[in-house]
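Asker: Sharing a sequence plus its predicted fold:
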Amino acid sequence: MMKDFDYQVVVVGSGAGGAMAAYTLAKAGHKVLMLEAGRDYDPKTETPMFKTNGQAPLMGAGNVDKDFGFYDATVDGGWTVPNEPYTTGKDSDFLWWRARMLGGRTNHWGRYSLRFSEHDFKGKSRDGLGADWPFEYQELAPWYDKTEALVGICGTNTGLDDMPDSAEGVLQPPPKPRVPELLVAAAAKKLGIPAVPMHRAVLTRPKDDRQACFYATPCGHGCSIGAAFQTTTSLIPMALATGNLKIITDAMVRKVDVDSKGKVNGLTYVDKKTSQDIKIPAKVVILAASACESARLLLNSKSEHHPNGLANSSMQVGRNIMDSTGTGLGAHIPALEGRPIYNEDGHTANHLFIPWWGHKSQTKGELDFPRGYHFELGTGFRAPGAGVSGDLQGYGKSLKEQAKKHYGAGVYLALRGEMLPNEHCYMEIDEAVRDKWGIPVAKFHWKWSEHELKQVEHGLKTAKAILETMGATFTEPLPSAEQAILKGGQIIHEVGSTRMGESPKESVTNQYGQTWDCDNVFVMDAGVFASNPHKNCTLTIMTLAMRNATWLAEQLTNGEL
Ligand SMILES: Cc1cc2nc3c(=O)[nH]c(=O)nc-3n(C[C@H](O)[C@H](O)[C@H](O)COP(=O)(O)OP(=O)(O)OC[C@H]3O[C@@H](n4cnc5c(N)ncnc54)[C@H](O)[C@@H]3O)c2cc1C
Ligand code: SF4
């Protein structure tokens, strides 16, 4: 233990899962030590919130260090992390977004926060594909309410079968729809498709010491006023305020250690500032390093008692990886040309979106793919950056006039859909390649199946129909699904690498994220997902972490662990 801090639990990672687990345990009175591989980060002083693209080189365009733009909040990380490579198998395309900073990817995420529904937890019971979760939606519903209330989610109850209602008073009011979003909604309605307020982890009313959104700055830069949820302005300071949390940053965990009987008793991490290995004891370990980092850690923690890696007697660690499917279609809408320019920033992301509307058609066997998708809408006048003139021709005054006329007249429908697990999508350890600290790296294998390709084909046709109803014309045929589908990992919703289930034979953890093989090791990130519904995963990561850390806190209080 540390000299002045007798911790009961070590949490690895400070993103959505780790921070929620640490906060829940600290609030319940248990002492927690958090190890974070990234550097310390203070959004209050470091967020480039008020910087505009015009102040940045190349009008703020992304580059190798800053993939999502010059002022992006991710200070260390992105599609590549210097000195921390990963590899891919033959014919496999996989992209892995990592953030190495306190708060992980929550400093930057899109904050879309949709609940999974009863359909989502029991997909296999309906269509025989993938795996069911080891509980029903009703089990998680009260925890979604608690998480939404704590995190601060804006949106409305819609009564749609794809969007379970929150308890009364939980959601904060959504912002008003933008004009182009209302046009999308009207066109979709003609086709029998709903468009409703997106649920987003953005405050539209003040909460705790966080302020409400003032609808003016891009959330991807980070949000120093705490309106857009990130663990560094909410869960982490709240947990620190209990006096029960200590954080060590620049601590890259190398492996989980076991005693001579194979019982987990500590961790070894690399102090990145000195490059020294440090061994610490641990009674209980929570891995929340992100789905594929936690799986990598387990696989790298081989020992005599755990020859295939820790908690891997099922051989399922690293298997069943799913991302969301992604594609999109955009068009120029003549009806939106030349409208008076006013501030349409809103809370950055879409205020309306299109949830999945096809459950009934699927039940009747009318669709040739099994699971749903949604559309996120890209519309409106946004702070101009590189590419504001699109592919317009000309130069000088006439180009400026054309750009002004076309500005805000583009509408983009981004598809995000459910993927099913398949035997070709998994990760393992590449023993031939090591990172800067000598830790063997992850190697990814990937192949989309017919299910995802048919879903994408349907999505492209539907998007085209909506845009045409809005007045768009298409001169080119739609791309094939194979051409249009984005790469594995590209939607940054990778889940399933340590999935939960009913039995130790086919899953890595029980329903509380407790590994079947080691009762003092828990996984509290998206690794435990049994399926990957089309809804963005992070609200469910946090909800599960809150529920499961509450269960763990009870076990600790009762002396059962
Ligand atoms: C651009 C972007 C947009 C996104 N938009 C959305 C969205 O709209 N909605 C949504 O639901 N999700 C979205 N996501 C995904 C979301 O960010 C992640 O699902 C979420 O942050 C995962 O939480 P986590 O705690 O599992 O991992 P992370 O947030 O990645 O945190 C893991 C932490 O663990 C640390 N770590 C890793 N390995 C080790 C180690 N060996 N030792 C110590 N520490 C370690 C990392 O440094 C990191 O800080 C988006 C992500 C990105 C990048
Ligand atoms: S738009 Fe709102 S939520 Fe987003 S960064 Fe600005 S103030 Fe924060």
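Answerer: Happy to help now that I have it. Ligands and ions are numbered 1, 2, ... in the order given.

Asker: List the contacts of the residue in the stretch 351-500 of the chain positioned nearest to ligand 1.
Answerer: Closest to ligand 1 within the stretch 351-500 of the chain is residue 492: 4.0 Å, counting by C-beta to the nearest ligand atom. C-betas here are computed from N, CA, C, even on glycine. Shown in contact with residue 492 (C-beta atoms under 8 Å, 6 or more residues apart in numbering): 97, 105, 109, 323.

Asker: Compute the distance between the second one and residue 538, please.
Answerer: If I follow you right, that is residue 105. Distance, residue 105 to residue 538, using C-beta to C-beta, to the nearest Å: 8 Å.

Asker: Pick the one among the contacts of residue 492 closest to residue 191.
Answerer: residue 323 (27.7 Å; C-beta to C-beta).

Asker: Surely the closest one touches residue 497?
Answerer: No: using C-beta atoms under 8 Å, residue 323 is not in contact with residue 497; the gap is 11.3 Å.

Asker: Looking at these two now, which is surrounded by more residues?
Answerer: Shown here are residue 323 and residue 497; by other C-beta atoms under 10 Å, residue 497 has more neighbours (31 against 26).

Asker: Please tabulate the contacts of residue 492 in a markdown table and include distance to residue 234 as additional columns.
Answerer: Converted to a markdown table, these look like this (distance: C-beta to C-beta, whole Å):
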| residue | distance to residue 234 |
| --- | --- |
| 97 | 22 |
| 105 | 15 |
| 109 | 13 |
| 323 | 26 |
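
Asker: Let me have these in JSON lines, adding secondary structure and distance to ligand 1 as columns.
Answerer: Shown next, in JSON lines, are the contacts of residue 492 (DSSP: H, G, I helix; E, B strand; the rest coil; distance: C-beta to the nearest ligand atom, whole Å):
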{"residue": "97", "secondary structure": "coil", "distance to ligand 1": "5"}
{"residue": "105", "secondary structure": "helix", "distance to ligand 1": "3"}
{"residue": "109", "secondary structure": "coil", "distance to ligand 1": "3"}
{"residue": "323", "secondary structure": "coil", "distance to ligand 1": "10"}
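
Asker: So which of the residues you listed wins on neighbours?
Answerer: residue 323 (26 neighbours).

Asker: What parts of the stretch 201-350 of the chain come near ligand 2?
Answerer: Within the stretch 201-350 of the chain, the positions lying close to ligand 2 (C-beta under 6 Å from any ligand atom) are 202, 213-217, 219, 223, 225, 227-228, 347-348.

Asker: Kindly recompute the last result at 5 Å.
Answerer: 202, 213, 217, 219, 223, 227, 228, 347, 348 (C-beta under 5 Å from any ligand atom).

Asker: Hmm, residue 228 and the second one touching each other?
Answerer: Yes: with contact defined as C-beta under 8 Å, residue 213 reaches residue 228; the gap is 7.2 Å.

Asker: Next, the residue sitting furthest away from the middle of the chain: secondary structure please.
Answerer: Most distant from the centre of the chain: residue 397, at 42.7 Å, with distances by C-alpha atoms, centre = their mean. Under DSSP: H, G, I helix; E, B strand; the rest coil, the three-state class of residue 397 is helix.

Asker: State the distance from it to residue 381.
Answerer: 21 Å.

Asker: now swap in residue 349 and tell me
Answerer: 14 Å.

Asker: Settle it for me: which of those two has more neighbours?
Answerer: residue 349 (20 against 17).

Asker: wait, that one sits on residue 198?
Answerer: Yes: with contact defined as C-beta under 8 Å, residue 349 counts as touching residue 198 (6.8 Å).

Asker: joint contacts of the two?
Answerer: With C-beta under 8 Å, 6+ apart, residue 349 and residue 198 have common neighbours 112, 376.

Asker: What residues of stretch 195-215 count as buried?
Answerer: 195-204, 207, 210-213, 215 (16 or more other C-beta atoms under 10 Å).

Asker: what helix or strand is the residue of the stretch 351-500 of the chain closest to ligand 1 on?
Answerer: Residue 492 is part of no helix or strand when elements are defined by DSSP states H and E.

Asker: So is stretch 353-361 next to ligand 1?
Answerer: No: Stretch 353-361 stays clear of ligand 1 (C-beta under 5 Å from any ligand atom), getting no nearer than 10.9 Å.

Asker: avg pLDDT for that stretch?
Answerer: What stretch 353-361 shows for mean pLDDT is 97.

Asker: and it, how far apart are its ends?
Answerer: Its first and final residues considered, stretch 353-361 spans 20 Å by C-alpha to C-alpha, to the nearest Å.

Asker: can you pull the buried residues of it?
Answerer: 353, 354, 355, 356, 357, 358, 359.

Asker: I'd like those laid out as CSV, including secondary structure.
Answerer: Below are those laid out as CSV (three-state DSSP):
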residue, secondary structure
353, strand
354, strand
355, coil
356, coil
357, coil
358, coil
359, helix
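
Asker: if we look at ligand 2, which of the residues you listed are close to it?
Answerer: Among the buried residues of stretch 353-361, ligand 2 is touched by none when using C-beta under 5 Å from any ligand atom.

Asker: Same list as before, the residues you listed that is, but in JSON lines and with distance to residue 81 included.
Answerer: Output for these, formatted as JSON lines (distance: C-beta to C-beta, whole Å):
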{"residue": "353", "distance to residue 81": "31"}
{"residue": "354", "distance to residue 81": "34"}
{"residue": "355", "distance to residue 81": "34"}
{"residue": "356", "distance to residue 81": "34"}
{"residue": "357", "distance to residue 81": "39"}
{"residue": "358", "distance to residue 81": "38"}
{"residue": "359", "distance to residue 81": "39"}
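
Asker: Check those against residue 442 and report the nearest one.
Answerer: The closest of the buried residues of stretch 353-361, once distances to residue 442 are taken by C-beta to C-beta, is residue 356, at 31.1 Å.

Asker: which parts of the stretch 251-400 of the chain sit against ligand 1?
Answerer: So the stretch 251-400 of the chain meets ligand 1 at 252, 253, 289, 290, 293 (C-beta under 5 Å from any ligand atom).

Asker: Quick check: chain neighbours aside, which residue is closest to the third one?
Answerer: Looking back up the chat, that one is residue 289. Excluding its sequence neighbours, the residue lying closest to residue 289 (C-beta to C-beta, 6 or more residues apart in numbering) is residue 13, at 4.1 Å.

Asker: The one you found reaches residue 291, doesn't it?
Answerer: No: using C-beta under 8 Å, residue 13 makes no contact with residue 291, being 10.7 Å away.

Asker: In a helix, residue 430, correct?
Answerer: No: counting by three-state DSSP, residue 430 is not part of a helix but strand.

Asker: For it, give me its contacts.
Answerer: With contacts defined as C-beta under 8 Å, 6+ apart, residue 430 is in contact with 86, 87, 440, 441, 442, 443.

Asker: Once you drop chain neighbours, what's closest to it?
Answerer: residue 443 (3.8 Å).

Asker: for the helix or strand that contains the one you found, packing partners?
Answerer: Per DSSP H and E: residue 443 is located in strand 440-445. Packing partners of strand 440-445 (3 or more C-beta pairs under 8 Å, 6 or more residues apart in numbering; DSSP states H and E): strand 87-88, helix 291-299, strand 426-434.

Asker: Please pull up the helix or strand immediately following it.
Answerer: helix 450-469.

Asker: There's contact between residue 472 and residue 333 in this structure, I believe.
Answerer: Yes: Residue 472 lies in contact with residue 333 (C-beta under 8 Å); the separation is 5.7 Å.

Asker: Overlap of the contact sets of those two?
Answerer: Residues touching both residue 472 and residue 333 (C-beta under 8 Å, 6+ apart): residue 411.

Asker: Quick one: residues contacting residue 8.
Answerer: 25, 30, 31, 32, 283, 284, 556.

Asker: now do 6 Å
Answerer: Taking C-beta atoms under 6 Å, 6 or more residues apart in numbering, we find residue 8 in contact with 30, 31, 283, 556.
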